[in-house]
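Novice: coordinates only, sequence not included:
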Ligand code: GNR
Ligand code: NI
């Protein structure tokens with residue numbers, strides 16, 4: 001199961017909307033397996049397909065502690081309920097390395113999705129799982145957690161990421 005390269009902001013693909021999956025075949029399952037391995041290696045608790053350069057509505061999540069791995073594969077996830085009650089978590093993003101911020105989101109959410117075997121499922125989430133699902137579904141719509149910050153904070157983060165990208169670029173310009 002090969003790992004895939006994670007795309008770092010700023011990159012225009014991270015701002016694009018991902019497309020629904022028509023049917024869950026072995027190629028999709030291979031992608032899910034690769035994404036999970038990439039996420040564990042990073043390490044992270046969630047990963048959206050767009051972060052490895054594919055505009056597909058696919059997410060992998062595992063909020064468990066290292067030992068008891070409990071992967072969640074979400075295909076075409078749709079948030080059908082968001083609670084009025086909000087909660088705040090410090091968020092990070094594998095596409096925004098080294099930057100973290102407290103973000104307020106609905107505390108609970110309910111989703112419809114398709115699982116690894118192509119079966120329709122329903123899930124009620126709260127706590128960090130609810131936050132993570134919303135963070136990942138945002139990716140599928142071209143949105144990043146820094147979009148919730150003030151323009152000033154967001155611009156500073158993007159500038160730092162861009163500077164770092166330029167310094168570490170391997171190609172000769
Ligand atoms: O690894 C991750 N941690 C995290 C922490 C708080 C809220 C969301 C996340 S998701 C993030 C991995 C990632 O970038 N997923 O898109
Ligand atoms: Ni992210």
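Specialist: Here it is on my side, so go on. All values reported here derive from a predicted model rather than from experimental measurement. Numbering: from 1, shown residues only. Ligands and ions are numbered 1, 2, ... in the order given.
Novice: Partner strands of the longest strand seen in the chain, with direction?
Specialist: When secondary structure is assigned using DSSP state E, the longest strand within the chain turns out to be strand 72-82. Strands that pair with strand 72-82, judged by DSSP bridges, come out as strand 58-61 (antiparallel), strand 109-114 (antiparallel).
Novice: Of these, which stretch is the most buried?
Specialist: Sort these by mean neighbour count, taking mean count of other CB atoms under 10 Å, and strand 58-61 sits at the top with a mean of 27. Placement of C-beta: from N, CA and C, glycine included.
Novice: what does that strand contact?
Specialist: Strand 58-61 is contacted from outside by 18, 21, 28, 31-32, 35-36, 39, 45-49, 71-75, 77, 129, 132-133, 136-137, 139-140, using CB atoms under 8 Å, 6 or more residues apart in numbering.
Novice: same thing with stretch 157-171?
Specialist: Outside of stretch 157-171, the residues within contact range by CB under 8 Å, 6+ apart are 8-10, 96-99, 146, 149.
Novice: go again using 10 Å as the cut-off
Specialist: Where contact means CB atoms under 10 Å, 6 or more residues apart in numbering, the residues beyond stretch 157-171 that reach it are 8-11, 95-99, 101, 144-146, 149, 173.
Novice: residue in the chain nearest to ligand 1?
Specialist: Distance from ligand 1 to each residue of the chain (CB to the nearest ligand atom) is smallest for residue 44, at 3.0 Å.
Novice: And that residue, how far from residue 82?
Specialist: Taken as CB to CB, to the nearest Å, the spacing of residue 44 relative to residue 82 amounts to 23 Å.
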